[in-house]
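Trainee: Structure for the following, please:
(3 chains)
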Amino acid sequence: MADGVKPRVKAPRTASAGEVVTIKTLISHPMESGQRKDGSGNPIPRSIINRFTCAFNGQMVVDVTLEPAISTNPYFEFEAKIPEAGTLQFTWYDDDGSVYEDSKPIEIS
Amino acid sequence: MKTTILAAAALVLGAQAALAGGPDDDTLTINEDIAIVTRTDAPAHLENLDTIYSGWHFRDDDTQAMEMDDFDNPGMIFVDMAIDAWSAPEGSEGKSCADCHNDPESMAGVRAGYPKWSEEGGEVRTLQMQMNACRTERMGAEPWKYDAGAAINMEALLSSVSRGMPVNVATDGPAGETWERGREIYYTRYGLLELSCANCHEQNFGNYIRADHLSQGQVNGFPTYRLKNAKLNGMHSRFKGCVRDTRAETFAPGSAEFVALELYVTSRGNGLSVEGPSVRN
Amino acid sequence: MDLTRRETLGACGAAALLAMLPAPALARTTDDWIAEFTGGADMAEGGLDLTAPEIAENGNTVPIEVGAPGASEILVLATGNPTPGVVKFTFGPLAGSQRASTRIRLAGTQDVIAIAKLADGSFARASTTVKVTIGGCGG
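Mentor: This is a model prediction of the structure:
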């Protein structure tokens, strides 16, 4: 796991069956684009989160392919439809092979 | 006579500021819950301004919106990291911050009074200096480097639990000498460009310097997450950049000059709410 | 070892030539991205929202939003960046809507393009110009 990568997700704890809810996700990551050069003029190699997915009870909500133009500490806001009680699963995939995860349970009110 | 001319010039420039794209009229509530005072009467010691404004008022709507929800604000990821560090034992004594200070919420109000005179230290201390005193003297841990990651994250956590409370630092008493020195630095012209803090932030707030919309240079929102470098920035780092931009030899974060300046600049915002971690350009 | 200006310029020139050689094979242009996404199909204007500021507060972090009702995918390109690809959203069965917001880096003033693959397999396109300034004494 790259150093100090920390997700931060906003999701409601409850929803009515079939409700559309707003999800906000942040994760700390430098998103090294591959365009920068170090002090000696050598290019710093690209190292980014290249994919983010959100699924609910195994069904896909959104699947995002990230390129280096996504800002440091990637942010995504989107909507999810909640048919039943279950768990939102968030997964971020790093160029270096690391996988970061977070999950939020949702109950039906 | 000279002061009157300067004051008159300042008034004219100030009036122009409102027209030239000065502070906007929006109001700030964070998480639909914490009301932030972002404009109020200038404190009595501040002779050249009637109203003080948080830097929030000088940013565009999108940037302002980023601060309104703790899940939009990237600075809060780093507050989360500090929450972890708060409970992690460190140093020879095997203690964490939590062992003495309970939970971070109980620190509400602390940030609002810093920098302040420390009896035990015989000096004016910034929040980072006090944290390092705790680390070295009570935890037996290494001090954090000034404005470096761990220190800035913790300063952001302590600021976040004081949001909405009025900034209120003492300008007299044992802190008075340091405050006077800070005021002198604020009004001193530095560098090849011969600019003082006041030239931009008191006489020209609301105007543009090239493409930057000048604020009053208030620090109630620090540490601040800057879009420019996508990380939390501390006050001393910002002071250092500003002085460097006048093409002067700048001072170091943690230096006596910047401690004094931090006390003085913080006092110019007495009455605004603690707002950190804020989001700025 | 001290280099004369002539030697330094010569070395830099040679290095620049060498650096340029493999690049064309790797760089995907905006047109390449579009062709790969649409397969060469026509793109209708409209049916797709793209929201970005007229003037970016700072080019390093620019908030954008895209949305296209019923779309399966939306691709965003920054035509003036060193590499145009920005992000591709694929919406699944539990997407509450086909909208998403994110924050992107723009290297300079340029057109940002969004292309949506709609429910019927056709494509829609929207474009907006974002001005990116170099600040004053941003420190």
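Trainee: neighbours around residue B:85, how many?
Mentor: Residue neighbour count, defined by other C-beta atoms under 10 Å in any protein chain shown, stands at 15 for residue B:85. All C-beta atoms are positioned from the backbone trio N, CA, C, and that covers glycine.
Trainee: and it, that's in a strand?
Mentor: No - counting by DSSP: H, G, I helix; E, B strand; the rest coil, residue B:85 is not part of a strand but helix.
Trainee: secondary structure class for the residue located most distally from the centre of chain A?
Mentor: Farthest-out residue of chain A from its mean C-alpha position, per C-alpha atoms, centre = their mean: residue A:40, at 33.2 Å. Local secondary structure at residue A:40 is given as coil here, using three-state DSSP.
Trainee: again, but for residue B:183
Mentor: Classification of residue B:183 into helix, strand or coil gives helix, according to three-state DSSP.
Trainee: Now for it: which residues touch it?
Mentor: residue B:264 (C-beta atoms under 8 Å, 6 or more residues apart in numbering or on different chains).
Trainee: Counting neighbours, what do you get for the residue of the stretch 101-250 of chain B found nearest chain C?
Mentor: Distances between the stretch 101-250 of chain B and chain C by C-beta to the nearest C-beta are smallest at residue B:241, namely 2.9 Å. Residue B:241: 14 surrounding residues under other C-beta under 10 Å.
Trainee: Compute the distance from the centre of the helix or strand harbouring it to the centre of its chain.
Mentor: In this structure, residue B:241 sits in helix B:235-245 according to DSSP states H and E. Offset of helix B:235-245 from its chain centre (C-alpha atoms, centre = their mean, to the nearest Å): 12 Å.
Trainee: Give the rounded mean pLDDT of that helix.
Mentor: In this model, helix B:235-245 has a mean pLDDT of 95.
Trainee: contacts for it?
Mentor: Outside helix B:235-245, the residues that touch it by C-beta under 8 Å, 6+ apart are B:146-147, B:190-191, B:193, B:197, B:219, B:222-224, B:250-255, B:258, B:261-262, B:265, C:137-139.
Trainee: Which of the residues you listed fall in helices?
Mentor: B:197, B:258, B:261-262, B:265 (DSSP state H).
Trainee: now, which of the residues you listed sits nearest chain C?
Mentor: Nearest to chain C, judged by C-beta to the nearest C-beta, of these is residue B:197 at 11.3 Å.
Trainee: surely the closest one meets residue B:186?
Mentor: Yes - when contacts are counted by C-beta atoms under 8 Å, residue B:197 is listed as touching residue B:186 (4.7 Å).
Trainee: Return the residues of chain C in contact with chain A.
Mentor: With C-beta under 8 Å from any C-beta of the partner chain as the criterion, chain C comes near chain A at residues C:60-62, C:78, C:81-83, C:85-97, C:99-106.
Trainee: sorry, back to before: if I look at the residue of the stretch 101-250 of chain B closest to chain C, how far off is residue B:229?
Mentor: 10 Å (C-beta to C-beta, to the nearest Å).
Trainee: Please, where are all the strands along chain C?
Mentor: Remark: strands of chain C, listed N- to C-terminal, are C:43-45, C:49-51, C:62-67, C:73-78, C:85-91, C:95-104, C:110-117, C:123-130; assignment by DSSP state E.
Trainee: Check chain A too.
Mentor: Using DSSP E, strands in chain A cover A:7-10, A:14-15, A:19-27, A:49-56, A:59-66, A:75-82, A:86-94, A:99-108.
Trainee: Dump the ones you listed into TSV; add mean pLDDT and mean neighbour count as well.
Mentor: Conversion of the strands of chain A to TSV gives the following (pLDDT from 0 to 100; neighbours: other C-beta atoms under 10 Å in any protein chain shown):
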stretch	mean pLDDT	mean neighbour count
strand A:7-10	98	19
strand A:14-15	97	16
strand A:19-27	98	19
strand A:49-56	98	21
strand A:59-66	98	20
strand A:75-82	98	22
strand A:86-94	98	18
strand A:99-108	98	14
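Trainee: of all those, which lies closest to residue C:52?
Mentor: strand A:75-82 (14.5 Å; C-beta to C-beta).
Trainee: tell me the contacts of residue 57?
Mentor: Just going to use chain A. Contacts of residue A:57 were listed using C-beta under 8 Å, 6+ apart, and they are A:84, A:86-87.
Trainee: Actually, chain C is the one I wanted.
Mentor: Neighbouring residues of residue C:57 by C-beta under 8 Å, 6+ apart: B:59-60, B:62-63, B:227, B:281.
Trainee: same thing with residue A:63?
Mentor: Listed by C-beta under 8 Å, 6+ apart, the contact set of residue A:63 reads A:51-53, C:89-90, C:92.
Trainee: out of those residues, which one sits closest to residue B:72?
Mentor: Within the set of the contacts of residue A:63, residue A:52 lies nearest residue B:72; the separation is 16.8 Å, counting by C-beta to C-beta.
Trainee: Identify the bridge partners of the nearest residue to the closest one once chain neighbours are set aside.
Mentor: In space, and not counting its chain neighbours, residue A:52 is closest to residue A:64: 4.4 Å by C-beta to C-beta, 6 or more residues apart in numbering or on different chains. Here residue A:64 shows beta-bridge partners residue A:52, residue C:89, assigned using DSSP bridges.
Trainee: And the pLDDT for residue C:62?
Mentor: The predicted local confidence for residue C:62 comes out at a pLDDT of 97.
Trainee: Grab the nearest non-local neighbour of it.
Mentor: Once its chain neighbours are removed from consideration, residue C:62 has its nearest residue in residue C:56; the separation is 4.6 Å (C-beta to C-beta, 6+ apart).
Trainee: and the gap between that neighbour and residue C:131?
Mentor: When C-beta to C-beta is the yardstick, residue C:56 and residue C:131 sit 7 Å from each other.
Trainee: okay, these two: which has more neighbours?
Mentor: When neighbours are counted by other C-beta under 10 Å, residue C:56 and residue C:131 differ, and residue C:56 comes out ahead with 26 against 14.
Trainee: Double-check residue C:55 against residue C:133; I have them as touching.
Mentor: Yes - using C-beta under 8 Å, residue C:55 and residue C:133 qualify as a contacting pair, with a distance of 6.8 Å.
Trainee: Compare the two (neighbour count), which wins?
Mentor: Neighbours per residue (other C-beta under 10 Å) separate residue C:55 from residue C:133, with residue C:133 holding more: 16 against 12.
Trainee: Give me the distance between the more buried one and residue C:105.
Mentor: Relative to residue C:105, residue C:133 is positioned 15 Å away (C-beta to C-beta).
Trainee: do the same with residue A:102
Mentor: Distance of residue A:102 to residue C:105, given as C-beta to C-beta: 24 Å.
Trainee: again, but for residue A:69
Mentor: Distance from residue A:69 to residue C:105, counting by C-beta to C-beta: 5 Å.
Trainee: okay, and the common contacts of these two?
Mentor: With C-beta under 8 Å, 6+ apart, residue A:69 and residue C:105 have common neighbours A:33, C:78, C:81.
Trainee: Show residues contacting stretch A:85-103.
Mentor: Residues from elsewhere that reach stretch A:85-103, judged by C-beta under 8 Å, 6+ apart: A:1-2, A:5, A:7, A:9, A:11, A:23, A:25, A:27, A:29, A:46-58, A:61, A:74, A:80, A:104-108.
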